[in-house]
Structures are given as C-alpha cells and as structure tokens.
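Participant: here's my sequence, what's the structure:
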Amino acid sequence: MRWRLQFFLQDGSQSIVKFRLYMHGSHGQTLSRINGFIQNVVLRNVVEIDLGFLFNFPADDDCLKIPHSQSLKVLKVRSEDGLKMPAFIGCFPSLRVFDVKVSLTESGNELITNLFPCIPALEKMSLVGDLTNCIGEIYVNIGGVALKHLELELLIDNCDDCDAMVVIDAPNLKYLRLQDRFLASYLVKNKPLISEVRLDVGEYDIMTRSLHQSSFAVGNFVTCCANLGIMNYATQLFDQMPQPNSFVWNTMIRGFQQNHQPRYALDLFERMRVEPVDPDCFTFPFVIRACTDLMEDVRGKYIHGLLFKVGLELDTFIGTSLIEFYGNLGDTKAARSVFDELPMKDKVAWTVMLSSCVNECSDLQAARKLFYRMPGKDIVSWNIMIFQYIKAGEVQNAYELFTLAPVKDLLMYNTVLGGHARHGEVDVMVKFFNDMPMKDLVSWNTVIGGLVRVKRVKEAMNHFRQMLSENIHPNEITFVSLLAACAQVGALDTGRWLHSYIDRNNHRLDVVVGTVLVDMYSKCGDLESAEYVFNKLQDPDVIAWNAMLMGFSMNGQSKMTLELFTRMKVESVKPNEITILGVLCACVHAGFVNEGQQVFDSMVKDLGLAPRVEHYGCMVDLLGRAGLLDEAYELIQGMPMEPHTGVWGALLGACKLHKKVELAETAIKHLNELEHEDGGYLTMMSNIYANAGRWDDVARTREVMRQKGVDKLRGCSSIEVNGEIHEFGAEDKVHPRVEEIHEMIDEILSRLRIAGHVASRNEVFFDVEDEEKDKVLSYHSEKMAVAFGLISTAKGTVIRVVNNLRICGDCHNVMKLISNTFEREIVIRDRSRFHHFKKGCCSCGDYW
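Facilitator: Numbering: from 1, shown residues only. Purely as a prediction, here's the structure:
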C-alpha cells in the first residue's frame, strides 16, 4: 500500500514524505497508524496539503482526521469511497480552495451537506464524484460561505437508471463549471437554485454530443439551460434539431419567458404555428405570460381568441395566465369573467384573481369579498390581502387580518412591520419588531429605515449595532438608510464610523453607497472626504456627479462647482436638470449673475433641457440678491408655467434684503392667493414692515397669522457630540447642561464685547427695549448649540451645527468672532447653504 503526502510551507519549501504500509489488521488499525503520523506533523505554517489515497475507507465510524490549522489555504483529497467529512476535516478558518475526488454513496451524501461550517472562508471548490451507486438527494448547499467558484464533475454510468438528485444552492456563486457526459439528465431533475452564474460546460462539443441523444435528453438539456438562464446554448442546439417535438418547443418558449426574453418567446410561438407541431396546454400559459410581460394587450386578446379554436379556453392553467394578463392590464372585469367561467379553480387561480382585484385600490372591496369566499386560503393569499391593505393605507385592517392568519411566515411579519414604518407609526413599529419571533435582514432594514425617516438616528444606530451582534450582515440598503440619516442631522462622526465599517468589512463601494457617502460628507461640511470618496468611484453616474456638485455648491465653493460642471461635460457625462439646479445655486451663493444667466440659457440651447419652475426660482433669487429686482419680476411674468411659492418667496427675500416694500407686498399677495400656510413668508413680510418702521402693518400681519392659525417656524439647531445628537431651541431650558451652556454664552458675550461687538438689534422685529432685544438675540438656537460644543469638545475640534432656518445677521457676526476669539472652526448648515467660520471670516463672504 503506497502513500504520498505532500506539504507546502509558507516559506515556499516543500516536504515530500513517502512510505509503504502493509495491511495486517483491519482498516481501522491502519487509519489509527495514519492518524498517529498526521497528528505529529507540525501544521502551524503549512499552507497546502495534498493527500492521495489508493484504498477504500472503511464503512465504520473510523476515518482520517487532520488537526485544526490557522494557516492552511489549499486542501486536496482523493478517495475511492465516500468520506465522512464532519469527522474527517478539522476547522480551517483560512482555507480558500478545497479539491476533493470521491465516490458519493448514500452514506457519503453528508460530505456536501455538512462540510461548509468547518471552512467559512472557502472561495473555490472542485468536486469530482461518481453518482452511479448514489440514491436520494445530494445537496450542494453553500449558503453559509462566500464560495464563488465551483467545479462539478459528476459521473454516471447510466443516466437513465440513476436515482441521484443534485440540488445546487449557492447564492454567492459567480462561476460554475459543469462537466459530465450526462449533464442534462440529472441537473434538470433537481431544478438547481443558482444565482448569477456563468456556465462553462468544458472543452467538448455540446452540439455533437447532444444531437446523438434522444429528443427527451435534448429537452432536458434545454431545460437545464433555462434554469441557469443561458438560453444561447439552448438556441444553438434547438436550431440544429431537424424536427423538435412539442416538448422541446414548449421548453424553449418557457425558457425565454422565464429568463426575461418575452419577445423571443412570442417570436418562437409564431414559428411554431407554421410547423407541423400543434400548440398545447403547456404552450399557451407561457405565451400569455410573455404578452403580460410586454403589456401586449392586442396580441394577448388575439391569443385568447385562439384558445376557443383549439378548445383550451377552459383549461385551469391557461385560464390562470389569462387572469394575470387582464389583471396587469387593469381590466379586472375581463379577469373576473375568465375566472368565473373556469370549471375547475385551484388555489393558484384564486390567488391570481385576488391579486388582479387589488391591482387597483378601487377594487379593494371586491378583493376583500373574494378573499373571504376563497376556499382553503393558503399563506400566499393571506400575504396578498395584508399587503394590499397596507398599500391602501389601511394599516389597522392589515394588522387585524394578520392576527387572524392561522399561519404566519416571515414575509407576513415584514409586511405588517413595513406598513407601520411607511405610515409613521414608529413606536408601534419598534414594539412589533421586538415581538417578532423571527427576523431577517429585511426586518432590520425596515425598522432602521423607519427610525431614520423620523430622524431618530441614535435609535437607528442602536438597532444597527444590535443587528451586528446577532450576526446579521448589513447590505447596501442598510448603509444607504443610515448614511442618509447622518446627512439629515449632520452626524459626521457616526457617518465616518459607518464608512470605516464598510472598509473594514470589505463591502464593495459601489456607485449607490459611494454616492450616499459623498452626499453625507457634503451635508456634514467635510468636502475633503466627499471629494476623496467621489474620486475613488469607478464610472460614477450622473447622480454621483450631482452629489459632488451639490456638495461644492451648498458649501459655498462656487468656483469648484463650475469647474466640476466643466469637467463633467469633458468626460461626456450628460448633465440633467438636477445638475443645472446645483450650478445655479452655486451662482446664487457667489453672486455670479453672468455665469448663472449663461448656464440657464444653455439648458435649452445646448443641453435640450426644459427649465423647470425650480430653475426659474434660482434665477429670481440670483437676480434679486444682486439688486436686479425689476429683471427678476419680469422673469416671473414671462414664465411658461405658473410660479409656485418658491419663486414668489425668492422675490420676497430679495425685497427684504433691498428694502423694497411695495414689490414685497406684490409677492406676498401672490403667496396668499396660493394659500400657502407656511408662517415663514408672513413672518418675513412682518419683518420687512418692521425694518421700514411700519408697526401698524406689523400688527396687522401678525393678526392675519393668528387668524390663519399659522405661526413662525421655531428655530432648532442640532450638534453631534460623542456620537449623540443634541437639539436646541431658542432660549432652550430643557437640556441637562443648560446652566453650563448659559454660563458659556455669558462668557462668549463678555469676551465679544471686549472685542468691540455690538448686537444687531435690527434682527429683532418687536417694538421692545434694546435690553430685551439683546436678551432675545443671545439665546438663538445656533448660539446654544455652539456654546454646548465649546464646553463638550476638546480645544481645536471643529464644531458642526445644523440649523433649520436661515442664520440671522447677529448670529453670523457672533460666529465669526467666536471662531477668532476661541480659535475654533465652526461649520453651520442653515436652510440654504453652509457657513464655514474660521479666523474671523466666513466662507460665504457675508453674502447669503
């Protein structure tokens, strides 16, 4: 008995051990000797092991054992009998390649089923096995590892007598090589569940081999190709068949339809009709589904007419396809007519009819009646009805139906959870989530997304950390939700932590996640990081370009915005309406009137883009800020669409800036006609009157606000400290450190008075004493947030604040002085732009 064991060490050297064993006892005694030898081999630095065996393993519980290894990357095994892998293989966390050649017997099936928990990092596997004597099911279940490359060579002496069933379930698989003389015969039996696979059938001629087999074998091969989504192989074979039978025709039509090529399915059906092969009950369902996919209403109705000629109009399978066809067209009356005429209605027909009823919310009542009439309701029908209640906004009815369901699956739980999230019932959503007996990634993403939508970022992050602790791996949706939340509230530290997590765990930085990262960094005022991520993206699309362009624009980097716009066109990325909006905003912030006018004019002339009302709003803002109010008003009067509140609001803001009371009254008149209920514009008009000393008009305007039940939007500022978001209102007295904050504000004002600062009392639009005005100005929300930042962060730390309103002139002056006096950089994001305060200056150049 000759053995050959070969070990490859980390330093590149190799040790070859050859020895001869003589069989005097049982196989078990021999294995004991071999195990004794292997256990004494030092595997600490071994990276590859090749074991070649020339005898059968015993059938008892004894088997070869290899000790655990942290360094082993490649393991090759050869045996003429099945291996009991759970006992054979140790734990190899670094193993990347596993190459095994065995005979798969009934007792050896566990080899594949139970192998992968031992080697979680496996990337490539080659399996050569003889299925001739194998019965039952052989599972290649690779869901728990990152396997991307699988080579199978499964041998069968006689494919017609083989009872083995091969099921491939490998969600991460990218490359599959199947090599066997009887590929079609056994793969089709098991309908392999393979996603994103490239098929390489080896270096032999498929066409020559398959044409010598029966039509049944060829049909099986076509079915295999359809299951794998590679219809090109099937088409080549089909086109060379002299007389394909109806089984092959139907298989090809089904393959095209199920692999998202409905046009080819219909073309093939037309070819079939001129051949001496009649369409049958297995042909029409997939032809009708192809019409459904293409929304071919005329052809679908024509095929419906053909059914009466061939006597198949009452077939349940075909009728179900017709119900689906008419349901997708929105013709529930025709769908119901087909359904009512079916003599035999199975569960699928009932379920499809139910889906057709609820495609339009107007038929929800009919769906409810149908649902309660439905015999033997299965979980699919329960899920459909619950989902449609959610879709119609009837969350309470959905929940009540959920409680009545005899069996509840994860989809049902997630549907109800999503309903609570979409309709803002966040507290109910969290409680429902906590009570769920089972959860998957969809569940976690739903609850995180629901919390993000209401800006409960801290809770969303807590759920994310809990998700990780339960070994649920995040995906693109998770990151997009959390990063968007960080962008909303300016949580830069949390956003950076998420970015670091993505990098540490080797998540691919695709364009979607990369774009959200760019947006997050931009909205947190960290342009350097935003630009770094943008430059790392491979082939950024126009959305990514817009995110970077908007980042420059909102942060006051107008020249860089225009440079990026030029670069975008040089790199043949076609700008869209959002791009132009970002460029115009940059021009507004910098006062670039000529450049803005040129970009606006180029929309139609050079880019073929029709300006939207938002673009006109930007131009009104641009002209108005520059003092060109007559031109701005003329532009409004010449608009091809009705101006909305944003356009008149921009004009009103320009009137406030330039103290144009009469034109402001024209703007507020139009805003009132639009029945705009935002108190902000009325407040602005009141302030315009106050600046002009027209206190009677101030009182009248405030009385109008009182009668309409509108009030001035309260200022709110937030700041992130140590990963937690703190919010402040004007004169906030709720924060636990409010006394320290007030003391810091007093210190700030004292030091600023020494530096010569005088409060901008004209920012207080009340007829009160100067002392009271000073008090009002002192406790604006952004001052509260900055004071908290000063007492809560180390010297030199950038203070970042998000404010929901436009920063007032007094706060703007104070921030400039704080940045110089306290030697801190302060970044404030207000309603329209960023202000970067540094060494007594602001990035806006006092133009905002």
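Participant: and for stretch 538-548, what's in contact with it?
Facilitator: In this structure, residues lying in contact with stretch 538-548 by Cβ atoms under 8 Å, 6 or more residues apart in numbering are 511, 514-515, 518-519, 522, 530-531, 534, 537, 564, 568, 573-576, 578-579, 582. To be clear about C-beta, it is placed using only N, CA and C from the backbone, and glycine gets the same treatment.
Participant: just the CA atoms of that stretch, as CSV, please.
Facilitator: Taking C-alpha atoms only, stretch 538-548 is exported to CSV below (Å, rounded to 0.1, in the frame of the first residue of the first chain):
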residue,chain,number,x,y,z
GLN,A,538,-15.5,53.6,-10.7
ASP,A,539,-17.5,55.1,-13.5
PRO,A,540,-19.7,57.4,-11.4
ASP,A,541,-23.1,58.1,-12.9
VAL,A,542,-24.8,61.4,-13.3
ILE,A,543,-26.3,61.0,-9.8
ALA,A,544,-22.9,60.7,-8.2
TRP,A,545,-21.6,63.7,-10.2
ASN,A,546,-24.6,65.7,-9.0
ALA,A,547,-24.0,64.7,-5.4
MET,A,548,-20.4,66.1,-5.6
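Participant: of the contacts of stretch 538-548, buried ones?
Facilitator: 514-515, 518-519, 522, 530-531, 534, 537, 564, 568, 573, 575, 578-579, 582 (16 or more other Cβ atoms under 10 Å).
Participant: between those residues, which is nearest Met554?
Facilitator: Ser522 (6.7 Å; Cβ to Cβ).
Participant: need the contact list for the nearest residue to that closest one once chain neighbours are set aside.
Facilitator: Nearest non-adjacent residue to Ser522, counting by Cβ to Cβ, 6 or more residues apart in numbering: Gly551, 2.8 Å away. Neighbouring residues of Gly551 by Cβ under 8 Å, 6+ apart: 518-519, 521-523, 527, 530.
Participant: state the pair within the residues you listed that is farthest apart.
Facilitator: That would be Asp519 and Leu527, which, of the contacts of Gly551, are the farthest apart (Cβ to Cβ) at 11.9 Å.
Participant: show me what secondary structure element comes after the helix or strand where Gly255 lies.
Facilitator: Remark: Gly255 resides in helix 246-258, with elements defined by DSSP states H and E. Once helix 246-258 ends, the next helix or strand along the chain (criterion: DSSP H and E) is helix 262-273.
Participant: what's the closest non-adjacent residue to the residue nearest the centre of the chain?
Facilitator: What sits nearest the mean C-alpha location of the chain, by Cα atoms, centre = their mean, is Ile477, with 3.2 Å. Nearest residue to Ile477 in three dimensions, chain neighbours excluded: Asn445, at 4.9 Å (Cβ to Cβ, 6+ apart).
Participant: what about the one you found, neighbour count?
Facilitator: 26 (other Cβ atoms under 10 Å).
Participant: who are the packing partners of the strand or helix carrying it?
Facilitator: Assigned by DSSP H and E, Asn445 belongs to helix 441-453. Helix 441-453 sits against helix 410-422, helix 426-435, helix 457-469, helix 476-489, with contacts defined as 3 or more Cβ pairs under 8 Å, 6 or more residues apart in numbering; DSSP states H and E.
Participant: quick one, that helix and helix 426-435 angle?
Facilitator: Relative orientation of helix 441-453 and helix 426-435, computed by axes from the mean of the first three to the mean of the last three Cα atoms, to 10 degrees: 160 degrees.
Participant: how about residues contacting helix 441-453?
Facilitator: 410, 413-414, 417-418, 420-422, 424, 426, 429-430, 433, 436, 457, 459-460, 463-464, 467, 472-475, 477-478, 481-482, 484-485, 488.
Participant: could you redo the last one with a cut-off of 7 Å?
Facilitator: Under the criterion Cβ atoms under 7 Å, 6 or more residues apart in numbering, residues 414, 417-418, 421, 426, 429-430, 433, 436, 459-460, 463-464, 467, 472, 475, 477-478, 481-482, 484-485 lie in contact with helix 441-453.
Participant: kindly report the same for stretch 645-656.
Facilitator: With Cβ under 7 Å, 6+ apart, stretch 645-656 has contacts from 613-614, 616-617, 620-621, 624-625, 629, 632-633, 636, 663-664, 667-668, 670-671, 674, 676, 681, 684-685, 687-688.
Participant: now it: buried residues?
Facilitator: Quick answer for stretch 645-656 (16+ other Cβ under 10 Å): 645, 647-656.
Participant: show me what counts as buried in stretch 535-548.
Facilitator: For stretch 535-548, by 16+ other Cβ under 10 Å, it's 537, 540, 543-548.
Participant: could I get these as CSV with distance to Leu354, secondary structure and pLDDT?
Facilitator: What follows is these, written out as CSV (distance: Cβ to Cβ, whole Å; DSSP: H, G, I helix; E, B strand; the rest coil; pLDDT from 0 to 100):
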residue, distance to Leu354, secondary structure, pLDDT
Leu537, 44, coil, 92
Pro540, 44, coil, 93
Ile543, 38, helix, 95
Ala544, 42, helix, 96
Trp545, 45, helix, 97
Asn546, 42, helix, 96
Ala547, 42, helix, 96
Met548, 47, helix, 96
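Participant: tell me the one of those residues nearest Ala755?
Facilitator: When the buried residues of stretch 535-548 are compared against Ala755 (criterion: Cβ to Cβ), the nearest one is Met548, at 37.9 Å.
Participant: how close does the closest one sit to Leu537?
Facilitator: Distance of Met548 to Leu537, computed by Cβ to Cβ, to the nearest Å: 9 Å.
Participant: now do Pro279
Facilitator: For Pro279, the distance to Leu537 (Cβ to Cβ) stands at 50 Å.
Participant: could you do Ser572 as well?
Facilitator: 16 Å.
Participant: with Asp606 instead?
Facilitator: From Asp606 to Leu537 the distance is 26 Å (Cβ to Cβ).
Participant: my guess is Pro406 is in a helix, correct?
Facilitator: No - applying DSSP: H, G, I helix; E, B strand; the rest coil, one finds Pro406 to be coil, outside a helix.
Participant: give me phi/psi at it?
Facilitator: With angles defined as degrees, to the nearest 10, Pro406 sits at phi -70, psi -30.
Participant: again, but for His836
Facilitator: phi -100, psi 110.
Participant: can you get me a residue count around the nearest residue to it once chain neighbours are set aside?
Facilitator: With Cβ to Cβ, 6+ apart as the criterion, His836 has its nearest non-adjacent residue at 3.9 Å, and that residue is Ser843. A total of 17 residues lie near Ser843 under the criterion other Cβ under 10 Å.
Participant: what are the phi and psi values at Ser843?
Facilitator: On the backbone of Ser843 - angles per degrees, to the nearest 10 - the values are phi -60, psi -20.
Participant: rewinding a little: quick check, nearest of the buried ones among the contacts of stretch 538-548 to Glu296?
Facilitator: The closest of those, once distances to Glu296 are taken by Cβ to Cβ, is Ile578, at 34.5 Å.
Participant: okay but Leu122 is in contact with Leu95, surely?
Facilitator: Yes - because the distance of 6.0 Å satisfies Cβ atoms under 7 Å, Leu122 is recorded as touching Leu95.
Participant: which residues touch Phe317?
Facilitator: Neighbours of Phe317 in contact, by Cβ under 7 Å, 6+ apart: 281, 285.
Participant: output the helix or strand where it lies as PDB, nothing but the C-alphas.
Facilitator: Phe317 is part of helix 316-328, with elements assigned from DSSP H and E. Extracted in PDB, the C-alpha atoms of helix 316-328 (Å, rounded to 0.1, in the frame of the first residue of the first chain):
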ATOM      1  CA  THR A 316     -57.200  26.000 -15.500                       C
ATOM      2  CA  PHE A 317     -53.500  26.500 -16.100                       C
ATOM      3  CA  ILE A 318     -54.200  28.700 -19.200                       C
ATOM      4  CA  GLY A 319     -57.100  30.500 -17.600                       C
ATOM      5  CA  THR A 320     -54.900  31.500 -14.600                       C
ATOM      6  CA  SER A 321     -52.400  33.000 -17.100                       C
ATOM      7  CA  LEU A 322     -55.300  34.900 -18.700                       C
ATOM      8  CA  ILE A 323     -56.500  36.200 -15.400                       C
ATOM      9  CA  GLU A 324     -53.000  37.500 -14.600                       C
ATOM     10  CA  PHE A 325     -52.800  39.100 -18.100                       C
ATOM     11  CA  TYR A 326     -56.000  41.000 -17.800                       C
ATOM     12  CA  GLY A 327     -55.300  41.900 -14.200                       C
ATOM     13  CA  ASN A 328     -52.000  43.500 -15.200                       C
END
